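Peer 1: With the input below, show me the fold.
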Amino acid sequence: MSIQRQPRPHLLVRASAGSGKTYLLVRRLIGLLADREAPESILAATFSRKAAGEFRSKLLKAIADAVTNPGKADLLAEEVGHEDWGGEEFLGLLSQLVRDPDQLRLSTIDAFFLELVGLFRLELGLGTDVRMGAETADDFLTRDLLRSIFAASSDEVRQAIFHLIEEDRGAESVRSFQNVLEDWIQNAQSLFRSAPQAEYWGALPSEMSLPPVSLEEWNQRLTRFETALKSQKIPPECRSGVEEVLELLGTWDLSPALPKEAEKWIKAGAADREKLLAGKKYFMLNRKRLVLEEEAGEALVELSGIFHANVVHVAVRNTKGAHAFLQMYEQEYVRRRLRAGSIRFADLPHLLSTLETFEGTVLAYRLDARLKHWLLDEFQDTSRSQWQVIHPLVDELFYDAENPRSFFCVGDQKQAIYGWRQGDSRLFDEIYERYRHFEPRALETQSLAKTYRCAPAIVEFTNRLFGSPESFPDAADPAVVERWMKAWTHHESARADLTGEVMVHRAADSNARDSEVVEFLKTETPWKSGRSVAILCRKNTEANRYESMLRAEGIPVVRDGALSICRDFTSGRLLHAIFQVLLHPGDTAALGFLRSNSAHAAIESFCHGPITAGSLRERWEDGSSSTFLAEFEQALEEEGWMDDSERRCLRSVHSLLQGIETSPDPALREMARTIQHARIEDTGAEGSVQILTIHRSKGLEFDMVLLPDLDAKQNSGNFKEFWTHEENGRVIRVLESVKTDVRTAFPPLEEWALSAEQDREFENLCVHYVAFTRAAASLHLFLSEKKGKSKNGIHYWIEKAFAPDVDEGVLVSLGKGLPAAEKTEPTPAPAEPHPPQRKDPPPVLARRLLTPSGGDSEERVSPFLPGRNQSLDLGRRVHAALAAWEWPALSFLPIADDPEVSQIIEDALQVPEIQTILSEPNKSTTVWRERAFDACIEGAWSSGVFDRVHLPEGWKEGVANPMIIDFKTDRTRSEEVPAGYREQMRIYRKALAMILGIEEDRIEAQLIFLRTGQVETV
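Peer 2: Numbers count the residues shown, from 1 in each chain. Now for the predicted structure:
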């Protein structure tokens, strides 16, 4: 007889770190399956593949344990509300899941969104072929798209973008503008999609008014200020300083910056406004105090108002320019990529949000009918755009009184560390308020604060820091503290029998701090006793630095995270430079890196002599990428540069290159781009110290955690910030951020900035909480000296909460130390396939790299002579300019910012023969421009680029012949065409014949020497 069961309650769970949220999720899912709910009607979604895999593993293990252990079966049956179940029933459930594991919908939220996009691909205009495109910022389509947008942008839009990007480069100015722009696009595109309306960008608060800004207004106020100063008494020592300030103010040209000496006076006009108006503000000039009288103070306030208003106008202009650029980018992105069905994960919520515009029950049914139960993990990391997709489905679930449907979400606002990825922890409270009074079944709430991870000492430390408003530094923002305390519940440890320790160390400076970290690890060697050890850093740069430092000390380390092959691994950095030289023999920077790097001896061994472009090319052309990598690895091994981490890197490179080499388009440039942007997972190994960022440690736990950079200065972000203002969860105002003095001048901006700063400060607390709660038994904070003006950092926090009686050494010590541990041998890492070894390599194709036509012939000019890089750069610019026009002789326009290239092309187009070739013929002709190719020719892979190919009407029928046109920018030309050029054209002919499927002798080829105005048929 079946039992009529009540529907599962709608439940929102606030689960503190280590409190068993996965345990609860697993029991909820087992309960639904035991209720005979169809597995495909349940969606359990989390925010990473790793978490989804862990969820599935723990689900199956819990059921399997119930099958084999009667006691566990009774406990599980009670937990899921099916007390009548035993081992036999759980065996049936396990069999069902094992027979058809795909029926269970355990996935990431992105995977679910991708499923929905496939379901609605026609309504979204994506056609029938929807695929995930490359996630790397170096995607060729993105670069081509950006080039076309910059060409079409107005000067004002370009200037706005240059302003935003150049400020963002900062200390990373060695990065190319292109790369920084691509990173900026990835961040700004999501903001544009959340607020695409132009009127929102650059919109100021309604209560804010700006004084008129012009040089005329400025000069009038400056004259008044000068007159007021002259009418008051000025100490003789101050007169030269006053004259200097007036002269500097007189040179202002409506730019957003002033010379430093004048800037402090203008800043005072906002920061010390009341003092100036009261005649009580003074300035120090030549060590003498100058007090401004009321009239001069009032004039300075007016000057300051004009300057600060101009800064706001510039911010508005830049914001509008950014919107115009992003709008152009989005339109082209949709046209070129999305409409071709190539999408990225970041596109998914944006695409699905447009379904709101569709009406009718058919779409709603298709979207919602198959799902009856929702289980959402890590809900504090949900973004507004993701919730915009989900909330109509959740609404329907709550409104449905006829079917036993349910909603279950779990998260922790104290672990909301992904605000920079648009995660919004406020959604947690908003959702509870929205559904808490719903009829017939309201959303219930539950809190979990007992940790099953951390020892009592760590819990005590956490409670002391986070558990009371009085524990926070005096400089902490009260609104942030209040927000934190609303999310806080006093923590308890479920592991009362576990001994543990917390120690806070402070050294005299950062060097002493680093030495203390090294000495601690060398003395304790916790990995030798089988303990898991992690160093958690706030920044990847610090994690990389500690990795190098500890390796140099002989401490076994593994760098865990999404690592860049070309930045985070020695072998990857070397390979990146090698591929740069292979592609561009004149790249002296890459060649210099290989020659001066500390691993240069290994590269010399690999090259069988001096490191040159020629020797590297010979090694590449000797065989396949497998042979190349195997011999490269052996050279590094012989010089002592290989360890498990580097081998893992080379295995990843081998896998990536093999995939490209066996593809229809095995281009060398694609291999180089892949190495430049590839990132690999490094899951760590036993018997070593793992080094990772705090963000990457989310969801992990370790026996011992070391935190060495919590007192490092934090930037507000990688990019110049846009302030946003929301109403009802939607962005209605966007403005480029401005500096403190400008905010002070306009209080509405101060309120806007304060909101953004409070969000950052709250997230900073979350980062600390996550860091402290990764440790199970041992937590060590290593601080350097207390410095800086801020009194809101970890130093002041520790002092406020614990009142240590020393300034250096161990500031805090809690607990009784680590429990004794048996020494165990580290588990060997699982065997992974290595790249093929040197012995008996399989038959391979040689490789042929063709000299880019954008540079001089290698036979004629050494790639290492001075000026080679400039020659290559000029050649590329000329080729890019010619490629922009289908028929340059008819439509070429001078390039405003590149007169050198314009002059070369214009002079060449005056030559009748060149003009004829580059003019549109009477017959319809298809033109290829800058078309890359790779082909197997005479037993070698040949890589090259056709500058131009003309395919006249009738070429397929044999009544007309295709023509290859190759541009050369040599300054001079000998009587004979260089043999290298003839060989290049011979290979190009063969390649084009293979591509077109025609006889080679039907293909014509012409070299156009642009600087000398000559045309040669070869």
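Peer 1: what does the domain assignment say about this protein?
Peer 2: The record assigns the chain these domain ranges, following automatic domain parsing: 11-56+104-120+347-448, 147-340, 456-543+691-716+755-815, 561-682, 847-1017.
Peer 1: Take these and lay them out in CSV including mean neighbour count.
Peer 2: Where you see a C-beta, it was placed from the backbone N, CA and C, and this is true even at glycine. Converted to CSV, the domains of the chain look like this (neighbours: other Cβ atoms under 10 Å):
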stretch, mean neighbour count
domain 11-56+104-120+347-448, 18
domain 147-340, 17
domain 456-543+691-716+755-815, 18
domain 561-682, 19
domain 847-1017, 17
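Peer 1: Same list (those) but as CSV, adding distance to His725 and mean pLDDT.
Peer 2: Output for the domains of the chain, formatted as CSV (distance: least, Cβ to Cβ, whole Å; pLDDT from 0 to 100):
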stretch, distance to His725, mean pLDDT
domain 11-56+104-120+347-448, 14, 85
domain 147-340, 8, 86
domain 456-543+691-716+755-815, 8, 92
domain 561-682, 33, 83
domain 847-1017, 36, 79
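Peer 1: Next, format those as TSV and append distance to Phe746.
Peer 2: Formatted as TSV, these follow (distance: least, Cβ to Cβ, whole Å):
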stretch	distance to Phe746
domain 11-56+104-120+347-448	25
domain 147-340	6
domain 456-543+691-716+755-815	15
domain 561-682	41
domain 847-1017	36
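Peer 1: my guess is Ser688 contacts Pro556, does it?
Peer 2: Yes. With contacts counted by Cβ atoms under 8 Å, Ser688 reaches Pro556, the gap being 4.0 Å.
Peer 1: Quick one: residues contacting Phe461.
Peer 2: Phe461 makes contacts with Val502, Phe772, Leu779, Val812, Leu814, as judged by Cβ atoms under 8 Å, 6 or more residues apart in numbering.
Peer 1: repeat for Ala602
Peer 2: By Cβ under 8 Å, 6+ apart, the contact list for Ala602 reads Ala635, Leu636, Glu638, Glu639, Trp641.
Peer 1: Find the residue closest to it in space, skipping its chain neighbours.
Peer 2: Glu639 (3.9 Å; Cβ to Cβ, 6 or more residues apart in numbering).
Peer 1: Show the backbone phi and psi for the one you found.
Peer 2: Phi and psi for Glu639, reported as degrees, to the nearest 10, are phi -100, psi 10.
Peer 1: same check, this time on the one 3 residues further on
Peer 2: Listed backbone geometry of Met642 is phi -100, psi 140, with angles given as degrees, to the nearest 10.
Peer 1: ok, the residue lying closest to it once chain neighbours are set aside - contacts?
Peer 2: Leaving aside its chain neighbours, Met642 sits nearest to Leu636 (5.1 Å; criterion: Cβ to Cβ, 6+ apart). Residues in contact with Leu636 (Cβ under 8 Å, 6+ apart) are Thr570, Ser571, Leu574, Ala599, Ala602, Met642, Glu646.
Peer 1: Where does Leu636 fall, secondary structure wise?
Peer 2: Here Leu636 sits within helix 625-638, counting by DSSP states H and E.
Peer 1: cool, and Arg573?
Peer 2: Arg573 is located in helix 570-583, with elements delineated by DSSP H and E.
Peer 1: quick one, helices of the stretch 601-750 of the chain?
Peer 2: In the stretch 601-750 of the chain, the helices defined using DSSP state H, counting those that start in this stretch lie at 613-621, 625-638, 644-661, 668-677, 740-745, 747-772.
Peer 1: Any idea which of the ones you listed gets closest to Glu470?
Peer 2: The closest of these to Glu470 is helix 747-772. By Cβ to Cβ, the value is 15.3 Å.
Peer 1: And the closest one, how far out from the chain middle?
Peer 2: 20 Å (Cα atoms, centre = their mean, to the nearest Å).
Peer 1: With stretch 410-420 instead?
Peer 2: Centroid separation between stretch 410-420 and its chain, computed with Cα atoms, centre = their mean, is 18 Å.
Peer 1: Other residues contacting it?
Peer 2: 12-17, 21, 24-25, 376-381, 423, 425, 428-429, 466, 484, 487-488, 694-695, 698, 717, 759-760, 762-763, 765-767, 769-770.
Peer 1: May I have that stretch exported as CSV, CA atoms only?
Peer 2: Extracted in CSV, the C-alpha atoms of stretch 410-420 (Å, rounded to 0.1, in the frame of the first residue of the first chain):
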residue,chain,number,x,y,z
VAL,A,410,22.1,26.2,-0.3
GLY,A,411,24.8,28.8,0.1
ASP,A,412,26.7,31.1,2.4
GLN,A,413,26.8,34.8,2.0
LYS,A,414,30.0,34.8,4.1
GLN,A,415,31.7,32.9,1.2
ALA,A,416,30.7,35.3,-1.6
ILE,A,417,34.1,35.9,-3.1
TYR,A,418,33.1,36.1,-6.8
GLY,A,419,31.7,39.6,-7.0
TRP,A,420,34.3,40.3,-9.7
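Peer 1: and Gly817, what does it touch?
Peer 2: By Cβ under 8 Å, 6+ apart, the contact set of Gly817 is Thr499, Gly500, Glu501.
Peer 1: State the distance from the residue nearest to Met642 to Pro196.
Peer 2: Using Cβ to Cβ, to the nearest Å, Leu636 is found at 50 Å from Pro196.
Peer 1: Check Trp928 too.
Peer 2: Noted for Trp928: a distance of 36 Å to Pro196, by Cβ to Cβ.
Peer 1: again, but for His879
Peer 2: According to Cβ to Cβ, His879 and Pro196 sit 36 Å apart.
Peer 1: ok, now Val13?
Peer 2: Per Cβ to Cβ, Val13 is found 35 Å from Pro196.
Peer 1: just Arg948 next, same as before
Peer 2: From Arg948 to Pro196 the distance is 39 Å (Cβ to Cβ).
Peer 1: Likewise for His10?
Peer 2: According to Cβ to Cβ, His10 and Pro196 sit 34 Å apart.
Peer 1: What of Glu430?
Peer 2: In terms of Cβ to Cβ, Glu430 sits 23 Å off from Pro196.
Peer 1: list residues touching both of Ser688 and Pro556?
Peer 2: Taking Cβ under 8 Å, 6+ apart as the criterion, Ser688 and Pro556 both touch Trp527.
Peer 1: Break down the stretch 351-500 of the chain into its strands, ranges please.
Peer 2: Per DSSP state E, counting those that start in this stretch, the stretch 351-500 of the chain carries strands over the ranges 373-376, 406-411, 444-448, 450-451, 492-493.
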